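Q: Structure of the sequence below:
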Amino acid sequence: MSGATPTNSKNAGPVTVPVAALSALGVVFGDLGTSPLYTLQTVVEAVNGHFTPEGALGILSLIVWTLIITISVKYCLFVMRADNHGEGGILALMSLLGANRFAGGAKALAVMGLLGAALIYGDGVITPAISVLSALEGVNVVTHALTPYVMPVAVLILFGFFAVQRFGTAKIGGVFLCITGGEALYADMGHFGAGPIRLSWYLVVLPALLLSYAGQTALLIQKGHIEGNPFFELAPAWSVYPLVVLATVATIIASQAVVTGSFSMTRQAMQLGWLPGFDIRQTSDSVYGQIYVPAVNWLMMTATIGITIGFKSSDRLAGAYGTAVSTTMLLTTALLFTAMRKVWKWPTIAAGAVAGVFLIVDLGFFSANLLKIADGGWLPLTFGALVFGAMLTWHWGIGRVRRAAAVEPGSAEKLIRDLNARRIPRVPGTAVFLTRTTNIIPPLMIDHVKHMGALHEKVISLTVEFAETPRCAPEYRGEIEHIATGLWRASLRFGFVQIPDLPAALKAVPHLDRSIDIDNAVYFASRDMVVSKPDIEPLMRWRLAIFAFFFRNAVKVFDRFSLPAQNVVEIAREIEI
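A: Here you go, the predicted model:
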């Protein structure tokens, strides 16, 4: 996008690398850090609790090399290098490759990026459920009398966890399960930065994980047969209850990784045009990346609690866990290979050699997790498929709305001639007409003049654009040009992680005419009603109905763009698509 010069400034305040690394321990590495709670327990269930020394050491070897190859090398050294001006996540990677336009050869890359993002939502509703259940099930090591209460208590904890999200994060296949936090790690990179995440992983998280898994393996070798969770079996009997409490607190923090990742993903998808507008609230005045998306939060809460009630235990839920993440990791590797060639300009042989190593590991886990589809793996895949379908439907519908709302040829030129000839009466004040199109004169302005017969003395036709970079520097954000008597055309650009403040951005536009009163301007926006054309294909009617529902319930313009509600006029129009 011409003129959309990016910036890495996040308005994050003086947060040092060690402090950010400490924060990342809980939020970013929560999922990875709590994986010892259920990884080997799942393996125990798979082999009916019987282990040989060779088998136990073999499992430990698989875990160690998986952590090294997938997290230490693939994600920390390569995937996190493929950031989009500091922002992570598979959608940021897709935008870095220029695949957001969903056209031509980039369509396949866009499908991979969107599908990977959609599957992260599927993982996001399962991670809190299995983590909290695994922690609470530690009481079974001491007594089975409390077993009936594990699921109800987990539901209460999960409800409380999602309920406090509005206050912000500043206030609160067997082997494969050890790396399920990898994608959340990448998605949360924009919150903390690559440096703090790598520092936390190499110095604290990786050594701690290796020690935990090694200790559990030693227990398996010593006993040869085990029925409970090896993580809690390691602890003395007197410490199990305190450890359950500690583990439960840790899993709550761990769940924050996927929730904040989902919030970030939603904002990116919304700004890039793949999801309808959602109400997004900034929860920190010092850390820009800390946001809260109420609709996503409550939908995830409903799904997570439903899953917890339906599956009741972590061992039953393990069959559903990992399928979505293994698919996303495979798609990330494919996009990473493209980034190596197109962005880093690596030779095809070198890119293929590095990506091929990751691909072998990813395909192994992907194939293994396919065997779990019947045991619950269908759940995150179905959830992800629904989100993926919603993304494609929204993008399809918005494209049709824009084409249907296009200005008739000659009408814009006529309006400009009438303004210059002073044939249109003018009333005092400033008006800003928001438009989705790039036309000089928006359709809404033409309709307004047609029906009202007058126009404000000062009028701005405003287009808001979202770049394929996370942030746009303020000095390159706005442009304005004089079109006709009392009429200006302006454009404002924001990055796909920024929350627009239109009045402030307009006032900062270079060369803004001093006679334009932005503080008291009236903002005109369309509140279109979408209806189907009589000759629309029957198979498209269902898709249109879904899009129309999204369109009606999208966040209002004054909420999305920080406009004063009392100065906003929304005009309803009927558009056939």
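Q: and the end-to-end length of stretch 464-477?
A: Using Cα to Cα, to the nearest Å, the end-to-end distance of stretch 464-477 comes to 10 Å.
Q: wait, I meant stretch 404-411
A: One end of stretch 404-411 sits 15 Å from the other (Cα to Cα).
Q: which residues in the chain form strands?
A: Applying DSSP state E to the chain gives strands spanning 281-282, 291-292, 426-435, 455-466, 478-484, 487-494, 522-526, 529-531, 568-571, 574-576.
Q: Tell me which residues are up against the first one.
A: Residues from elsewhere that reach strand 281-282, judged by Cβ atoms under 8 Å, 6 or more residues apart in numbering: Arg166, Tyr288, Gln290, Ile291, Tyr292, Val293, Pro294, Ile499. Using the backbone N, CA and C atoms, a C-beta is placed for each residue, glycine as well.
Q: Now, these that are in helices?
A: Pro294 (DSSP state H).
Q: returning to that earlier point: can you list the strands of the chain in JSON lines and add mean neighbour count, distance to Leu392 and mean pLDDT?
A: Shown next, in JSON lines, are the strands of the chain (neighbours: other Cβ atoms under 10 Å; distance: least, Cβ to Cβ, whole Å; pLDDT from 0 to 100):
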{"stretch": "strand 281-282", "mean neighbour count": "14", "distance to Leu392": "27", "mean pLDDT": "76"}
{"stretch": "strand 291-292", "mean neighbour count": "20", "distance to Leu392": "25", "mean pLDDT": "82"}
{"stretch": "strand 426-435", "mean neighbour count": "18", "distance to Leu392": "24", "mean pLDDT": "93"}
{"stretch": "strand 455-466", "mean neighbour count": "21", "distance to Leu392": "18", "mean pLDDT": "92"}
{"stretch": "strand 478-484", "mean neighbour count": "16", "distance to Leu392": "32", "mean pLDDT": "92"}
{"stretch": "strand 487-494", "mean neighbour count": "21", "distance to Leu392": "24", "mean pLDDT": "92"}
{"stretch": "strand 522-526", "mean neighbour count": "21", "distance to Leu392": "24", "mean pLDDT": "91"}
{"stretch": "strand 529-531", "mean neighbour count": "15", "distance to Leu392": "17", "mean pLDDT": "82"}
{"stretch": "strand 568-571", "mean neighbour count": "14", "distance to Leu392": "27", "mean pLDDT": "88"}
{"stretch": "strand 574-576", "mean neighbour count": "12", "distance to Leu392": "20", "mean pLDDT": "79"}
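Q: Quick one, which of the ones you listed gets closest to Phe159.
A: With Cβ to Cβ as the criterion, Phe159 lies closest to strand 291-292 of the strands of the chain, at 16.5 Å.
Q: So, low pLDDT: which residues of the stretch 301-450 of the chain?
A: 406-409 (pLDDT under 70).
Q: what would the strands of the chain look like in a markdown table with distance to Ala318?
A: A markdown table is the format used below for these (distance: least, Cβ to Cβ, whole Å):
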| stretch | distance to Ala318 |
| --- | --- |
| strand 281-282 | 34 |
| strand 291-292 | 30 |
| strand 426-435 | 49 |
| strand 455-466 | 39 |
| strand 478-484 | 52 |
| strand 487-494 | 42 |
| strand 522-526 | 48 |
| strand 529-531 | 43 |
| strand 568-571 | 49 |
| strand 574-576 | 48 |
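Q: what does the model give the residue nearest to Ile536 when sequence neighbours are not counted for pLDDT?
A: Distances taken as Cβ to Cβ, 6 or more residues apart in numbering place Leu544 nearest to Ile536, at 6.7 Å, with adjacent residues excluded. pLDDT, Leu544: 89.
Q: Check Asn100 too.
A: With respect to pLDDT, Asn100 has a value of 76.
Q: what's it in contact with, if anything?
A: By Cβ under 8 Å, 6+ apart, Asn100 lies in contact with Met94, Ala106, Ala110, Leu272, Gly273, Glu468.
Q: need the helices for the stretch 101-250 of the chain, in chain order.
A: Using DSSP state H, counting those that start in this stretch, the helices of the stretch 101-250 of the chain run over 106-136, 147-163, 182-187, 189-192, 194-200, 206-223, 230-233, 240-271.
Q: Out of those helices, indicate the one that is most buried.
A: Most buried of these, by mean neighbour count (mean count of other Cβ atoms under 10 Å): helix 182-187, with a mean of 29.
Q: Now render the helices of the stretch 101-250 of the chain as TSV, adding distance to Ile68 and mean pLDDT.
A: What follows is the helices of the stretch 101-250 of the chain, written out as TSV (distance: least, Cβ to Cβ, whole Å; pLDDT from 0 to 100):
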stretch	distance to Ile68	mean pLDDT
helix 106-136	22	86
helix 147-163	31	92
helix 182-187	12	67
helix 189-192	20	68
helix 194-200	14	83
helix 206-223	8	92
helix 230-233	21	88
helix 240-271	21	83
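Q: Save the ones you listed as a markdown table, and put in distance to Ser326 too.
A: Compiled in a markdown table, the helices of the stretch 101-250 of the chain are given as follows (distance: least, Cβ to Cβ, whole Å):
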| stretch | distance to Ser326 |
| --- | --- |
| helix 106-136 | 9 |
| helix 147-163 | 24 |
| helix 182-187 | 10 |
| helix 189-192 | 20 |
| helix 194-200 | 21 |
| helix 206-223 | 19 |
| helix 230-233 | 23 |
| helix 240-271 | 15 |
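Q: what about the residue nearest to Ile536, neighbour count?
A: Residues near Leu544, counting by other Cβ atoms under 10 Å, number 21.
Q: Spit out the contact partners of it.
A: Gly397, Val530, Ser532, Ile536, Ile577.
Q: Can you tell me which of those is nearest Gly138?
A: If you rank the contacts of Leu544 by distance to Gly138 using Cβ to Cβ, Gly397 comes first, at 48.1 Å.
Q: Contacts only, for that closest one.
A: By Cβ under 8 Å, 6+ apart, Gly397 lies in contact with Val530, Arg543, Leu544, Phe547, Ala548, Phe550, Phe551, Ile577.
Q: farthest pair in those residues?
A: Pairwise over the contacts of Gly397, using Cβ to Cβ, the maximum falls at Phe550 and Ile577, 13.2 Å.
Q: the more surrounded of these two?
A: Just comparing Phe550 and Ile577: by other Cβ under 10 Å the higher neighbour count belongs to Ile577, 23 against 17.
Q: how close does the closest residue to Arg573 other than its chain neighbours get to Ala490?
A: Leaving aside its sequence neighbours, Arg573 sits nearest to Asp528 (Cβ to Cβ, 6+ apart; 5.0 Å). Plainly put, Asp528 is 22 Å away from Ala490 if you go by Cβ to Cβ, to the nearest Å.
Q: just to revisit the earlier point, among the contacts of strand 281-282, name the least confidently predicted one.
A: Of all the contacts of strand 281-282, Tyr288 has the smallest pLDDT value, namely 53.
Q: Surely Asn229 touches Thr39?
A: No - counting by Cβ atoms under 8 Å, Thr39 is not a contact partner of Asn229; they are 10.3 Å apart.
Q: ok, the closest residue to Asp123 other than its chain neighbours - contacts?
A: Using Cβ to Cβ, 6+ apart and skipping the chain neighbours, the partner closest in space to Asp123 is Ala324 (4.5 Å). For Ala324, the contacting residues are Leu119, Ile120, Gly122, Asp123, Ile126, Pro380, Leu381, Phe383, Gly384, by Cβ under 8 Å, 6+ apart.
Q: quick one: which of the contacts of Gly397 is nearest Gly215?
A: Lowest distance from Gly215 to the contacts of Gly397 (Cβ to Cβ) belongs to Phe550, with 49.7 Å.
Q: Can you tell me the closest non-neighbouring residue to Gly376?
A: What sits nearest to Gly376 in space, not counting adjacent residues and going by Cβ to Cβ, 6+ apart, is Ala320, at 3.1 Å.
Q: quick revisit: how far away is the residue nearest to Asp123 from Tyr121?
A: Using Cβ to Cβ, Ala324 is found at 8 Å from Tyr121.
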